[in-house]
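K.L.:
give me the fold of what follows.
(2 chains)
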Protein chains: 2
Amino acid sequence: MAKHLVFYGTIVHSQDIDHVDILENTLILTGEGGVITALERDVPPNQLEEKLKALGLDTGNHELHQLHRAEFLIPGFVDTHNHAPQWAQRGLGRGLQILDWLNQITFKNEAKYADVRYARKAYTQAVKGFLNQGVTTASYYASLHGPATKVLAEICFAEGQRALIGKCNMDRNSPSFYVEQSAQESLAATRDLIDAIKQLDPSVSLIKPILTPRFAISCTDELLRGLGQLAKEDTDLPIQTHFNEAQSEIDTTLSLFPDFTNEVDLYSHFGLLNDRTILAHCCHMTPYETQKFKQLGCGIAHCPVANTTVGGGFMAAPIREFLEQGITKIGLGTDSGGGFSSSILDAMRQAFIVSNAKEMMTGGKDKSLSVDECFYMATLGGAKVCGLDHKVGSFAVGKEFDACLVRTCESGGEGMEWDLDVPLGVMTPIEAGDNPRTIFEKFVMSGDDRNIARVWVKGGCVK
Amino acid sequence: MAKHLVFYGTIVHSQDIDHVDILENTLILTGEGGVITALERDVPPNQLEEKLKALGLDTGNHELHQLHRAEFLIPGFVDTHNHAPQWAQRGLGRGLQILDWLNQITFKNEAKYADVRYARKAYTQAVKGFLNQGVTTASYYASLHGPATKVLAEICFAEGQRALIGKCNMDRNSPSFYVEQSAQESLAATRDLIDAIKQLDPSVSLIKPILTPRFAISCTDELLRGLGQLAKEDTDLPIQTHFNEAQSEIDTTLSLFPDFTNEVDLYSHFGLLNDRTILAHCCHMTPYETQKFKQLGCGIAHCPVANTTVGGGFMAAPIREFLEQGITKIGLGTDSGGGFSSSILDAMRQAFIVSNAKEMMTGGKDKSLSVDECFYMATLGGAKVCGLDHKVGSFAVGKEFDACLVRTCESGGEGMEWDLDVPLGVMTPIEAGDNPRTIFEKFVMSGDDRNIARVWVKGGCVK
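P.N.:
Here you go, the predicted structure:
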């Protein structure tokens, strides 16, 4: 019989977009395959033993983690937009326009992944680095190289990270040293990668392929059409691309596709927009486009760090406007390395900051986001975007256990001194009077990976 | 004879506002009192020994630190606006307007510093926390309590942090549990604190008192007048206050002082604006005010993290506009805990981000800040604001050695593997092809306190 993983303490998660639930004295049980088998709220400490017995647990068949006051569990973070090969270029090229940044910094860097040995080394560091920061699920853009992308899939599977993994499709408007020779070549490599990933994880326990046309600028009509065909043949295959990121990008796109007046019609025409599509950025949206991608059920990867530092601008997705139109399939993306930070905590803080800017720029119409809304995007919203909310993103019986153990202080056990405990890392210290909500907010606004003490994916410990 | 501190390697500092100098193969020597006695650029490795001898150094009288390729020295960071007692409330109250945030979160917290025992514990943690993050100089607002503020001064002096330390003056419009009973009481406590700090460090080797009217809202005319008188009597005494932070704050201020139409005239009238004054925020500026404080020589503490998260808005100082008018006495402030982060690195990144927003909001007129400009504000600019640029802020013979040793990777010594070294913390890894400028930018955009391996103030190691 499999050993159960059992936690007793505070768990924090989103039930919906605007409310974070803080459940105290909660018992959570994980069984076979990392599936949550019980979640009982408000269990008084003196009834814990009895309750465990009633659930069929006795010493020997379970591992009980009793959380102290300065610890709590949160769902693992979901990074809905992440360029794995840009791990080693994070933060470079500040001040460059998006297309210049691609040409001067990014393509040169991604070209290195032609070397599978280099890719293995870099991707191992990246995947471990994201797990270390509590990213239990990531939607990855790899480089254009099939072999290196297979390596990324192997590493995610081996390290235990849940991931959507795609190789970039790009057969034009890219430098000669970093471009695919034809649509046929690109499609063949894509098919090959899909097969390889399915073979690696046939039950889709952790990893899944994703179609990844980099953006329309770098794809011929033939390539986009071929990818649309793949999406039609396999109705379980997700799709991701960059969408309405910057005005210069939109202008270039529409000049290349003169039959279209907007990107939603363009990608839709090629069969690439449906409820499995993840659209990164969505900064410049017309009402028509917002309505159309709402109807199509696309998910939004909001990347506030990148949107305020790359691309020579400051323009992020109008999240409040989306929410008011009933669109809640919204997650956060680090967009690492367009985003200089690889932390979803930083993405949450920057989402809050850009929403303050939006409130000001709309004369108070688009109210800023709350801490609760940002946390939703970082967890449950992200899971929806990746088509994984039936499995992860929050804690519920039947879902799989993807979680971070947040630890805010050095001590916290018996005999601890509760007035102003010594914080782990640089986070705000916890004080005697702090309630769980205050402790949660201190973590969200000032914590970092040092406060993510342990991480589990599908019940398996990965940190 | 005192032991010399000697470094050989790359040093990075600002010569002026828009240019970071990266000096390779540089020898820097520190002698008595932490004063830099030699700085020699471009010393080839094979001439190092000879050069040391020529400088009178032989084994025994010096400690040589040879920096490896992934290490460099920078000047210590200067935090020009820091509320020491808010250390344990960083990040709380997001979404509240500034005056609500003061009443609901801040005053209750600061009131705790009536207890000197609590103050000692909290301030020790705060000062160590800032030193750990490379803040070698801070301009502190303490609480209103004289005794606790003396404790803060003792701790800065004992831990070796350079600091301006003031107790808040506030004799009205504050809650009954956190207000001074009269202008006389406030002034007496201020005089007493000034004396105590001067006694503690008579040669002003590290610490110095600073007049700290919290803001005009919390000060009666009599109190402001009395503080102006103190500033007149002691022409070495710096002054700090909050200035044009938020529209609601400005409106309230002017309604309390109906004789004035702007804050520059108000504070100037009471004798509080001169070239020793540090004005925090300066978000809403009329051309008249900008001209006037330029003439007066006031320094600006730019606090982009706080300005985009507290106060229900998104409005930071128009730095580009200031620079174009020849105002370069500008530093960065964490404004911890109005700012959720206690890191000057975060302040630099947010300064860059808000400058992108300003560029957009001014239709391209106010160009965004460069990495170099942000680094200047974090170091030399901050030193100017604190009236300490003759001593610190950059490396030069005759200045005192306040520095951080930046270490970007785990290894870096002999036998290191240079293609993609394992980074310390979460920072972007260093690669074989990275030049010193790239390594510097990776640190600025993605490093944290884990990459600040050692810290010195006045030649003394404080981390």
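
K.L.:
residues from the stretch 101-250 of chain A in reach of chain B?
P.N.:
A:118, A:121, A:122, A:125, A:129, A:132, A:133 (C-beta under 8 Å from any C-beta of the partner chain). Quick note: C-beta positions are derived from backbone N, CA and C, even for glycine.

K.L.:
now the phi/psi pair for the nearest residue to residue A:9 once chain neighbours are set aside, please.
P.N.:
Ranked by C-beta to C-beta, 6 or more residues apart in numbering or on different chains and with sequence neighbours excluded, the top spatial neighbour of residue A:9 is residue A:67, at 2.7 Å. Phi and psi for residue A:67, reported as degrees, to the nearest 10, are phi -80, psi 140.

K.L.:
separation between residue A:67 and chain B?
P.N.:
Distance of residue A:67 to chain B, given as C-beta to the nearest C-beta, to the nearest Å: 21 Å.

K.L.:
ditto for residue A:66
P.N.:
According to C-beta to the nearest C-beta, residue A:66 stands 26 Å off from chain B.

K.L.:
which residues does that residue contact?
P.N.:
Counting by C-beta atoms under 8 Å, 6 or more residues apart in numbering or on different chains, residue A:66 touches A:7, A:8, A:9.

K.L.:
wait, a strand at the last one?
P.N.:
Yes: assessed by DSSP: H, G, I helix; E, B strand; the rest coil, residue A:9 belongs to a strand.

K.L.:
the residue of the stretch 51-200 of chain A found nearest chain B: how many residues sit nearby?
P.N.:
Relative to chain B, the nearest point of the stretch 51-200 of chain A is residue A:91 (2.7 Å; C-beta to the nearest C-beta). For residue A:91, the neighbour count with other C-beta atoms under 10 Å in any protein chain shown is 24.

K.L.:
cool, the one 5 residues further on as well?
P.N.:
For residue A:96, the tally of surrounding residues (other C-beta under 10 Å) stands at 17.

K.L.:
so it makes contact with residue A:246?
P.N.:
No: using C-beta atoms under 8 Å, residue A:96 is not in contact with residue A:246, being 11.5 Å away.

K.L.:
and of the contacts of residue A:66, the nearest to chain B?
P.N.:
residue A:9 (21.9 Å).

K.L.:
tell me the spacing between the closest one and residue A:69.
P.N.:
8 Å (C-beta to C-beta, to the nearest Å).

K.L.:
cool, residue A:142 as well?
P.N.:
For residue A:142 relative to residue A:69 (C-beta to C-beta), the value is 42 Å.

K.L.:
more neighbours, these two?
P.N.:
Higher neighbour count among residue A:142 and residue A:69: residue A:142, with 26 against 20, using other C-beta under 10 Å.

K.L.:
tell me who's in contact with residue A:329.
P.N.:
A:297, A:298, A:299, A:300, A:381, A:384, A:385 are the contacts of residue A:329 under C-beta under 8 Å, 6+ apart.

K.L.:
and the gap between the fifth one and residue A:351?
P.N.:
Applying C-beta to C-beta, one obtains 11 Å for the distance of residue A:381 from residue A:351.

K.L.:
now do the second one
P.N.:
According to C-beta to C-beta, residue A:298 stands 19 Å off from residue A:351.

K.L.:
mind listing which of the residues of the stretch 101-250 of chain A next to chain B are in helices?
P.N.:
Assigned to helices by DSSP state H, the following of those qualify: A:118, A:121, A:122, A:125, A:129, A:132.

K.L.:
what is the burial count for the third one?
P.N.:
When neighbours are defined as other C-beta under 10 Å, residue A:122 has 27 of them.

K.L.:
in the stretch 1-150 of chain A, which spans are strands?
P.N.:
For the stretch 1-150 of chain A, strands defined by DSSP state E, counting those that start in this stretch occupy the ranges A:4-16, A:19-30, A:36-40, A:62-66, A:71-75, A:77-83, A:135-141.

K.L.:
quickly, which of the ones you listed bottoms out on average pLDDT?
P.N.:
Mean pLDDT is lowest for strand A:62-66 out of the strands of the stretch 1-150 of chain A, coming in at a mean of 87.

K.L.:
ok, and for it, which residues are buried?
P.N.:
A:62, A:64 (16 or more other C-beta atoms under 10 Å in any protein chain shown).

K.L.:
and it, how far out from the chain's middle?
P.N.:
28 Å (C-alpha atoms, centre = their mean, to the nearest Å).

K.L.:
how about the CA coordinates for that strand, as CSV?
P.N.:
Below are the C-alpha coordinates for strand A:62-66, written out as CSV (Å, rounded to 0.1, in the frame of the first residue of the first chain):
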residue,chain,number,x,y,z
HIS,A,62,1.5,7.8,6.4
GLU,A,63,3.9,10.6,6.8
LEU,A,64,2.3,13.5,8.8
HIS,A,65,3.5,17.1,8.3
GLN,A,66,2.2,19.3,11.1
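
K.L.:
now for the residue nearest the centre of chain A: which residues touch it?
P.N.:
Central residue of chain A (C-alpha atoms, centre = their mean): residue A:79, 1.3 Å from the mean position. Shown in contact with residue A:79 (C-beta under 8 Å, 6+ apart): A:130, A:135, A:137, A:138, A:139, A:332, A:333, A:334, A:336, A:344, A:382.

K.L.:
who's the third one bridged to?
P.N.:
Residues in a beta bridge with residue A:137, per DSSP bridges, are residue A:78, residue A:162.
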